[in-house]
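S.K.: What would the 3D arrangement of this be:
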Amino acid sequence: MNAHAAGQHWWHGATLYQIYVRSWRDSDGDGYGDLRGVISGLDYLAWLGVDGIWLSPTMPSPDHDWGYDVSDYLAVHPELGTIGDLDELVAQAGQRGMRVLLDLVPNHTSSAHPWFVDARSGRGAARRSYYVWADPAPGGGPPNNWLNNTGTSAWTLDDASGQYYLHNFLPSQPDLNWWEPAVHAEFDSILRFWFDRGIAGFRIDVAHGLYKDAALRDDPPAAGRDRLAGRYGLAQVYSANRPESHGVYRDWRAIAETYAPPRLLLGETWVADLPSMAGFHGHGDELQLTFNFPVIFADFTAEALSSVVAETLAALPAGESPVWTGSNHDVSRFPTRWGGGDEAKARLALLVLATLPGTFVLYYGDEIAMTDVEIPDESRRDEMTAGAPAGRDRDRARTPMPWDASPAAGFTAPGVRPWLPIGGHAGRNVASQRDDPASTLRFCRDLLALRRAELGGTIAAYTQLPGPPGVWVYRVGGLVVAANFADEPVCLGELAGPLLLSTSRGAAGPEPAGQVGRLGPWEGVIVRDGATVT
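M.R.: Alright, predicted model coming up:
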């Protein structure tokens, strides 16, 4: 893979940081994070060394799905701030060398969106065709077997018109009809509106789901139990993953390329196989970046992760940048899912994710090894997983950022009840780690600095190297990485290059060549290229 100029493709080798805005920092004492809270944390992010931030939905919404049910695509949620606050955030981030990405939800709107309010007013409504409507099946009932994200029918009957409307998520999130040209025109205008305001790009929600089968054929049974391949026993062959969606992204890419620098399109491509994910890059004319869910759901072993990485790099078209991340707002945090709360395992995950070629995405709190928080049933806020068993709800990974050890965690004002409970993280907060050179936060900062210096602005070459069982060794750019995924120490023989960074030895300066011959349990190291492993 060839390197590209950082100015043209700033996301190559970059680190993005996902902020769940309601849980980042509360500036006005109402218990919810907001845009001014994000502004107040920009110096921290600059200190950490990120290149861009992705904000969870900032657009007006009734919040049945916390912003993923949009009621106005051209404004800011009043509980989060104003459009002036967002403009200031973009400007302030830019002064610190960081770009800002927004979340865009093109698969569905809120049922409170004026488009749907009009569409529901009658079969002859001007915007009726903006949404997916269908008559009942012969004999009554939903038009087909499609299921929504809660496992119930994806169809709701509109009594007034006698037709069903489609919602792949909650009934308050009706799916848009991308067979309708007017929907394309609406979103072209939405993209230009935000790009003109300096937004650097979008993370595109449900990027694989825009088009639905025009004949509304039943989804077939899913093979196996892979959560990426099926939904409650059905494979989303007709209710999502339709080939026509690629045309939307070619059109959007053409719009993005009219800006200088080009705007970034990052897709939530929830697909099970890597060739399908790679297909959303097109021929370099669709999405520039696609989220790699097979990595997120891989076992935390050298064999499993190295295999997914190799398959990803083989599947992507030449010159396209992969994306590596371990956490997000929809899944368990990787320090819990992969590490069971073990900080050594969390550091090892950070080390390998940050030293792979392409783009690295941190979820807020990853840098301090923040874990999931157990949320009592009475404190849950997520409708989508309201009835899920403990450990399967989405709230557990959306709790407030612990800035310090105070009862309010520095997230909100003293005595204010936050929108979700604050977890007890046993010293895993920013204040306790920022000045501790042995902390995970300081390790992460050193790691991002090394990443920027060595991999920034490029898609570095990657080669897997031989190593002992349970150890993943690879060359990336001018570095060699060795990671021990075992409870026992291993002997490497010799890594010839000088040690630059270790998950357990700090970054107090390079050790001499030949000093890295042994890895402790769950230890990873980075050395200068020239290494040999025997």
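
S.K.: Near residue 261, how many other residues are there?
M.R.: Neighbours of residue 261 under the rule other C-beta atoms under 10 Å: 17. Any C-beta I mention is one placed from the backbone N, CA and C, and that applies to glycine too.

S.K.: what kind of secondary structure is it in?
M.R.: Following DSSP: H, G, I helix; E, B strand; the rest coil, the label given to residue 261 is coil.

S.K.: For residue 198, see how far away it is.
M.R.: Here the criterion is C-beta to C-beta, to the nearest Å. By it, residue 261 lies 11 Å from residue 198.

S.K.: Over to residue 321?
M.R.: Applying C-beta to C-beta, the value for residue 321 to residue 198 is 22 Å.

S.K.: Between the two, tell me which one has more neighbours.
M.R.: Counted by other C-beta under 10 Å, residue 321 and residue 198 do not tie: residue 321 has more neighbours, with 21 against 17.

S.K.: For that one, give me its contacts.
M.R.: Contacts for residue 321 (C-beta atoms under 8 Å, 6 or more residues apart in numbering) come out as 9, 11, 12, 288, 289, 357, 358, 359, 459.

S.K.: Turn those residues into TSV, including secondary structure, distance to residue 394 and pLDDT.
M.R.: Shown next, in TSV, are these (DSSP: H, G, I helix; E, B strand; the rest coil; distance: C-beta to C-beta, whole Å; pLDDT from 0 to 100):
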residue	secondary structure	distance to residue 394	pLDDT
9	coil	32	93
11	coil	26	97
12	coil	31	97
288	coil	27	98
289	strand	23	98
357	coil	30	98
358	coil	26	98
359	strand	24	98
459	coil	32	97
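
S.K.: any idea which of those residues has the most stuff around it?
M.R.: residue 11 leads those on contacts (other C-beta under 10 Å) with 28 neighbours.

S.K.: Quick check: that residue touching residue 52?
M.R.: Yes: under the criterion of C-beta atoms under 8 Å, residue 11 makes contact with residue 52 at 7.2 Å.

S.K.: residue with max distance from the center of the chain?
M.R.: residue 139 (42.6 Å; C-alpha atoms, centre = their mean).

S.K.: so where do the helices sit in the stretch 201-350 of the chain?
M.R.: 245-256, 274-279, 293-296, 302-315, 334-337, 343-354 (DSSP state H, counting those that start in this stretch).

S.K.: With respect to residue 42, which of those lies nearest?
M.R.: Ranking the helices of the stretch 201-350 of the chain by proximity to residue 42 (C-beta to C-beta) places helix 343-354 first, at 20.9 Å.

S.K.: Would you mind getting the angle between the closest one and helix 302-315?
M.R.: 20 degrees (axes from the mean of the first three to the mean of the last three C-alpha atoms, to 10 degrees).

S.K.: going forward can the numbers begin at 593, since that is how I track them
M.R.: Okay, residue one is now 593; in that scheme the one you just asked about reads as helix 935-946.

S.K.: Centre of the chain to stretch 604-623, how far?
M.R.: 13 Å (C-alpha atoms, centre = their mean, to the nearest Å).

S.K.: now do stretch 1050-1067
M.R.: Worked out by C-alpha atoms, centre = their mean, stretch 1050-1067 lies 25 Å from the chain centre.

S.K.: just stretch 643-652 next, same as before
M.R.: The answer for stretch 643-652 is 11 Å, by C-alpha atoms, centre = their mean.

S.K.: And for stretch 979-986?
M.R.: For stretch 979-986, the distance to the chain centre is 20 Å (C-alpha atoms, centre = their mean).

S.K.: got the end-to-end distance for it?
M.R.: Using C-alpha to C-alpha, to the nearest Å, the end-to-end distance of stretch 979-986 comes to 11 Å.

S.K.: which residues make contact with it from outside it?
M.R.: Applying C-beta under 8 Å, 6+ apart, the contact partners of stretch 979-986 are 921, 922, 924, 964, 966, 967, 972, 974, 976, 977, 978.

S.K.: quick one: buried residues of it?
M.R.: Going by neighbour count (16 or more other C-beta atoms under 10 Å), the buried part of stretch 979-986 is 985, 986.

S.K.: Which strand residues bridge residue 691?
M.R.: On the basis of DSSP bridges, residue 691 is bridged to residue 644.

S.K.: Name the nearest residue to residue 774, ignoring sequence neighbours.
M.R.: Excluding its sequence neighbours, the residue lying closest to residue 774 (C-beta to C-beta, 6 or more residues apart in numbering) is residue 722, at 6.7 Å.

S.K.: Report the contact partners of the one you found.
M.R.: 707, 708, 711, 768, 769, 772, 774, 775, 778.

S.K.: Spatially, which residue comes closest to the fifth one, not counting chain neighbours?
M.R.: I take that to be residue 769. residue 724 (4.9 Å).

S.K.: isn't that neighbour right up against residue 804?
M.R.: Yes: Residue 724 is within contact range of residue 804, at 6.1 Å (criterion: C-beta under 8 Å).

S.K.: intersection of neighbour lists for those two?
M.R.: 758, 767.

S.K.: Now the phi/psi pair for the residue nearest the centre of the chain, please.
M.R.: Closest to where the C-alpha atoms of the chain average out (C-alpha atoms, centre = their mean) is residue 920, at 4.9 Å. The phi and psi torsions at residue 920 (degrees, to the nearest 10) take the values phi -160, psi -170.

S.K.: Please apply the same query to residue 1063.
M.R.: According to degrees, to the nearest 10, residue 1063 has phi -120, psi 130.

S.K.: where does it land on pLDDT?
M.R.: Residue 1063 carries a pLDDT value of 97.

S.K.: And residue 1017, by the same measure?
M.R.: 69.

S.K.: With the one 4 residues further on instead?
M.R.: What the model reports for residue 1021 is a pLDDT of 96.

S.K.: got the contact list for it?
M.R.: 960, 994, 995, 996, 997, 1001, 1002.

S.K.: try 7 Å
M.R.: Contact analysis of residue 1021 by C-beta atoms under 7 Å, 6 or more residues apart in numbering lists 960, 994, 995, 996, 997, 1001.

S.K.: again, but for residue 1036
M.R.: Per C-beta under 7 Å, 6+ apart, neighbours of residue 1036: 942, 959.

S.K.: Report the inter-axis angle for the host helix or strand of it versus helix 935-946.
M.R.: Taking DSSP states H and E as the definition, residue 1036 sits inside helix 1032-1047. Helix 1032-1047 and helix 935-946 are oriented at 20 degrees to each other (the same axes, to 10 degrees).

S.K.: which strands and helices sit next to the helix or strand just after helix 1032-1047?
M.R.: From helix 1032-1047 onward toward the C-terminus, using DSSP H and E, the following helix or strand is strand 1054-1057. The helices and strands touching strand 1054-1057, judged by 3 or more C-beta pairs under 7 Å, 6 or more residues apart in numbering; DSSP states H and E, are helix 894-907, strand 1063-1068.

S.K.: thinking again about what came up before, nearest to residue 1085, of the helices of the stretch 793-942 of the chain?
M.R.: Nearest to residue 1085, of all the helices of the stretch 793-942 of the chain, is helix 894-907, at 16.8 Å by C-beta to C-beta.

S.K.: Now do that closest one: everything it contacts.
M.R.: Residues contacting helix 894-907 (C-beta under 7 Å, 6+ apart): 866-867, 870, 884, 886-887, 890, 914, 944, 948, 1054, 1056, 1062-1064, 1075, 1077.

S.K.: coming back round to it: between the contacts of stretch 979-986, which is nearest residue 679?
M.R.: Using C-beta to C-beta, those come closest to residue 679 at residue 921, 24.3 Å.

S.K.: Tell me how far the spatially closest residue to the closest one that is not a sequence neighbour lies from residue 1002.
M.R.: Take residue 921 and drop its neighbours on the chain: the residue closest to it by C-beta to C-beta, 6+ apart is residue 612, 5.3 Å away. To residue 1002, residue 612 is 16 Å away according to C-beta to C-beta.
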